[in-house]
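>>> my questions concern the predicted model and sequence given below.
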Amino acid sequence: MFGLCALAGALVVVTLVDVVYQLFVNAQPAISKFGFGFVTHTEWKPGFHEEAAGALIYGTVVSSLIAIVLATPLGIAIGLFLSMMAPVRVRAVVGPLVEMLAAVPSIIYGFWGLVVLVPFVDKLEPGLHSALGFIPVFGTPSPIGISFFAAGLVLTVMILPIISALTRDLFLTVPSELKDGAAALGATQWEIIRGIVLPTTVSGISAAVVLGLGRALGEAIAVSFVIGSVTRIQTSWFAPGATLASLIANQFTAPVNPLHLAAMFYAGLLLVIIGMFTSLAARAIAGRFDVTQRVI
Amino acid sequence: MSALSEPSPYEGMPFDPTAPLTPSGNLRRRAAVSRFVQIAATAAAAFAIVVLVIVCVGVATRGAAALSVGFVVGNPQGLASGGIFNSLLGTLELVVFGALIALPLGVMTGLYLTEFAGPRSRTASLLKTALDVMAGLPTIVVGLFVYGLIVIPQHKESGFAGGIALAIVMLPLMARSSQEVLLLVPNNLREAADALGVSRWRTVLTVILPAAVGGILTGAILATARAAGETAPLLICNSLFNPDQTGLNLFHGVPSVSMFIYTSFDLPLTEAVTRAWGAAFVLMVLILIANVAARLLLARSRAKMAR
């Protein structure tokens, strides 16, 4: 029994190593042709044996940053609401409902994003452009709304339940003596949050945000529906683009030539490295908190 | 005591100890800030629920046009008519195949972490890290991995490869939930078995697993529901099949609901898009039902174990 269980554990580790190995082997043609320049150059022209992921990395980072900037305050606020403010009966209903957002499959988010959210973004863009156009990221509105911004919004909805569920659990671990002590000294609820709850859980909150970021960076299907397939670096958030994962989802089924396939495996390898880095970073930051991705 | 000789903080102030305590000045501002934060947090929670409602209603209203009994229990006829029964069966086949691989492995990994490895074990912490990293792998990368591991050597995409990919998606989730449930099994049970001289493997099989089986199964349902909605690994490993085929041979392409949505949506036919919405609605309803059911079961088995 011990042997079997140890074997199962070993299989997990071996699988993980094999993931890196398989991607590396299949990416080999692209790695030997492009080397490290794959990361720094931006041209993605499969027909001309010219592939580089610079623009894809840019798109991945921009769309995920939009999502993190929007989802972090919202998620923490929901976590606070569910752990400290809402009456118990409200918690029991609202908590699971928010977690349901994580249960909706990414294909449905993509599909919904394209048909419902993208037209909405299309209407939103001119307003944002005229109000905040002096900031370069709020550039000229795109013709149909397919954009980094739309991808960022879809990703926001997808990582919001992760951040809010994790931070709620963190806030519940704050010892009530500390909170009661502050309340006895006359602190208001916001002062308790600001002075006690947030400082004691800051490492766990950061870890939760990093986990959400990891999910956003690797999301393929939902993003591929709403971001388009333009592999160029563009300052404006209202321009269409592509991410590492969305490009693989868009082009994998119809590779132009073997090198194109290898380049997509190379992009996958970059995604693995990013994914491992975020998971390990979350573990390292979390410290004493047990922040792990759960089945939600 | 020299308290009376110290200068009173209220000296020189018009302080009336009999006046009712009402917030004034600074305190009023502090209370207002706190109130504002409470309203903002409530609004954030309301926003999340509104988004959930918008998504659900958006899918439901558009899906309703395609929905009928025949849509769920009928097979497709051509590209734009008929039902999605073959895709539903295919998804079921893929997730059951994946779960048959992932569940035993996940439970055994959980058992290793809770029952066999010591609390300071290096191997256990390595394994936990590995599970975290595995849970953090983008699912499209899992698809690429299985493509390299199975599809390229076999020279064909298959439901087998897709099922393996789904198993890899489910495994860390199942290991995690089993571990959580196993940690809830009271230590008295282990100690009682130890005191009777029962060997560890018999304790695990006859005492610990029966106590934890409810929780493990609900965790498995949640992970399976997650896998049922996955598209990226299937797009990579199991996308080549005839959309109206009814055969479900695991070693050829197997139709699935998520791939049905993905491909129908690309077709230049209004009916196809309507059917994609219908399929999305059916998929979402099934996944949400599985989630609600699993949650209710989980709450019950947790309460049972806490007693």
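On my side now, so go ahead.
>>> list the contacts of A:Gly228.
A:Gly228 makes contact with A:Ile146, A:Ser147, A:Pro240, A:Gly241, A:Ala242, according to CB atoms under 8 Å, 6 or more residues apart in numbering or on different chains. To be clear about C-beta, it is placed using only N, CA and C from the backbone, and glycine gets the same treatment.
>>> return the residues of the stretch 51-200 of chain A in contact with chain B.
Contacts of the stretch 51-200 of chain A with chain B, taken as CB under 8 Å from any CB of the partner chain, map to A:73-74, A:77-78, A:80-82, A:85-86, A:94, A:96-98, A:100-101, A:103-109, A:111-112, A:115-116, A:157, A:160-161, A:164, A:188-191, A:193.
>>> PyMOL command for the buried members of those residues?
For the buried members of these, the matching PyMOL selection, counting by 16 or more other CB atoms under 10 Å in any protein chain shown, is:
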select buried, chain A and resi 74+77+78+80+81+82+85+86+94+96+98+100+101+103+104+105+106+107+108+109+111+112+115+116+157+160+161+164+188+189+190+191+193
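>>> low-scoring stretches of the chain, by residue?
Chain wasn't specified; assuming chain A. The model of chain A has pLDDT under 70 over residues A:288-296.
>>> wait, I meant chain B there
Where chain B drops to pLDDT under 70, the residues are B:1-24, B:79, B:243-244, B:305-307.
>>> for it, longest helix please?
Counting residues, the longest helix in chain B under DSSP state H turns out to be helix B:26-64.
>>> after that helix comes which helix or strand?
helix B:69-73 (DSSP states H and E).
>>> with neighbour count and secondary structure added, can I get the contacts of A:Gly228 in TSV?
Below are these laid out as TSV (neighbours: other CB atoms under 10 Å in any protein chain shown; DSSP: H, G, I helix; E, B strand; the rest coil):
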residue	neighbour count	secondary structure
A:Ile146	24	coil
A:Ser147	28	coil
A:Pro240	22	coil
A:Gly241	28	coil
A:Ala242	29	coil
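>>> so where do the helices sit in chain B?
Applying DSSP H to chain B gives helices spanning B:26-64, B:69-73, B:85-111, B:122-136, B:139-146, B:152-154, B:159-184, B:187-195, B:200-203, B:209-228, B:232-237, B:257-266, B:270-306.
>>> next, the angle helix B:85-111 makes with the last one.
Comparing the axes of helix B:270-306 and helix B:85-111 via axes from the mean of the first three to the mean of the last three CA atoms, to 10 degrees yields an angle of 30 degrees.
>>> all helices for the stretch 1-150 of chain A, in order.
Remark: helices assigned in the stretch 1-150 of chain A by DSSP state H, counting those that start in this stretch are A:2-34, A:37-40, A:54-80, A:88-103, A:106-112, A:118-132, A:148-172.
>>> closest to B:Leu189 out of the ones you listed?
Closest to B:Leu189 of these, according to CB to CB: helix A:2-34, at 18.2 Å.
>>> how about the CA coordinates for stretch A:65-85, as CSV?
The C-alpha trace of stretch A:65-85 is given here as CSV (Å, rounded to 0.1, in the frame of the first residue of the first chain):
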residue,chain,number,x,y,z
LEU,A,65,-2.2,42.9,-16.2
ILE,A,66,-5.5,44.5,-17.1
ALA,A,67,-7.2,41.6,-15.4
ILE,A,68,-5.1,41.7,-12.3
VAL,A,69,-5.5,45.5,-11.9
LEU,A,70,-9.3,45.1,-12.1
ALA,A,71,-9.7,41.8,-10.2
THR,A,72,-7.4,42.4,-7.3
PRO,A,73,-9.3,45.3,-5.6
LEU,A,74,-12.6,43.7,-6.5
GLY,A,75,-11.6,40.2,-5.3
ILE,A,76,-10.2,41.6,-2.0
ALA,A,77,-13.4,43.6,-1.4
ILE,A,78,-15.5,40.5,-2.0
GLY,A,79,-13.2,38.5,0.3
LEU,A,80,-13.7,41.2,3.0
PHE,A,81,-17.5,41.3,2.4
LEU,A,82,-17.8,37.5,2.7
SER,A,83,-15.5,37.1,5.8
MET,A,84,-16.2,40.2,7.9
MET,A,85,-19.3,42.2,6.8
